[in-house]
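> Need a 3D model of the following:
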Amino acid sequence: MALQLNGEVFANEAYDRFHDQRIESTLALVRAHGGGRVVEVGGHPWAMTARLLAEPNVTLAATVSAEEVSAWSDELPVTARDYEMRLEDGRRFAFRNYSANVERTLFSVDAEADIVLACEIIEHVTRSPHTMLLNINRWLEPGGLVIITTPNGSQLENPFRVRPKMPAYRPAVYARHNYVFTMDGLRDLVECCGFAVVQAEYWSPYVRRGGSNLYRAVYGLGPKYLKDKLAQTLCVVARKTEDRESAARLPRVYAPQAGWERVDYDADTRIDAAG
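Numbers count the residues shown, from 1 in each chain. Sure, this is the predicted structure:
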């Protein structure tokens, strides 16, 4: 029996298989921090979502995943819709998904969260990554946690990856990686938005080929420099320490030449709840 979302068969086997170890490592962190009510940012393609629903000590409070993936305008409205997922074992679960542009609009979700997951999302943001962190801040109670994973921008192999430049047209801009973070840059960004970092880890959850298979063993033996240069993934766990509607200061990662903006809002956005 295949995974189904709102009655539609969803083929995510390849993604689930490729990201298996990264997803399991993330779920291990959720368990280690007590589980509870989780909001997942970026549900699509729903591999993490399915595993969260199957976790015994986790309640999926909501997902945040834009429904307009082919034409994501800056004025994408904030809407809420009820979803139903049927897992491969036949169990059915209901949850609410919020469709919004998390880097352009501050909005609230009708759910209390102990943990917010933002896994493999922040590298897709184009201009205002701090706005996504400010959204997460408002969804969490004081003391709540955010868990972020993203590709390691400092790894040695990055400069050797030569790929054709992709045109910056709007319909596909969020489908690609737009920025890669270093650990220092990611920690600073999180701390600007009302969080204190409690864990900062380097992971290598993906299969390597050839001599690069040795990377995991080598960086595990060495100092931070080796982890910085050889690990594939950054993982930051941060605790909310204060409510913030705007960043405390300009994050170090800001790159005006790339078109990033400082976009802060004071008022809640109205939500058109459907379904």
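
> Residues touching stretch 54-65, excluding its own?
27, 30-31, 34-44, 49, 52-53, 83, 87, 91, 93, 95-100, 102, 109-113, 135 (Cβ atoms under 8 Å, 6 or more residues apart in numbering). Every C-beta, even on glycine, is put in place using the N, C-alpha and C of the backbone.

> Could you give the separation of stretch 35-50 from the chain centroid?
Put simply, stretch 35-50 sits 9 Å off its chain's centre (Cα atoms, centre = their mean, to the nearest Å).

> can you tell me the average pLDDT over that stretch?
Mean pLDDT, stretch 35-50: 94.

> Now intersect the contacts of stretch 54-65 with the strands, please.
36-41, 83, 93, 95-99, 113 (DSSP state E).

> And the residues you listed, which of them are buried?
Burial by neighbour count, judged by 16 or more other Cβ atoms under 10 Å, picks out 36-41, 83, 95-99, 113 from those.

> Export those as JSON lines, with columns for distance to Val207.
Below are these laid out as JSON lines (distance: Cβ to Cβ, whole Å):
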{"residue": "Gly36", "distance to Val207": "32"}
{"residue": "Arg37", "distance to Val207": "33"}
{"residue": "Val38", "distance to Val207": "27"}
{"residue": "Val39", "distance to Val207": "30"}
{"residue": "Glu40", "distance to Val207": "25"}
{"residue": "Val41", "distance to Val207": "26"}
{"residue": "Tyr83", "distance to Val207": "31"}
{"residue": "Phe95", "distance to Val207": "31"}
{"residue": "Arg96", "distance to Val207": "35"}
{"residue": "Asn97", "distance to Val207": "31"}
{"residue": "Tyr98", "distance to Val207": "33"}
{"residue": "Ser99", "distance to Val207": "33"}
{"residue": "Ala113", "distance to Val207": "32"}
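
> quick check, nearest of the residues you listed to Asp16?
Asp16 lies nearest to Glu40 out of those, by Cβ to Cβ, at 14.8 Å.

> wait, the closest one sits on Leu117?
Yes. Between Glu40 and Leu117 there is a contact at 4.8 Å, judged by Cβ atoms under 8 Å.

> what residues are shared contacts of these two?
With Cβ under 8 Å, 6+ apart, Glu40 and Leu117 have common neighbours Met48, Leu52.
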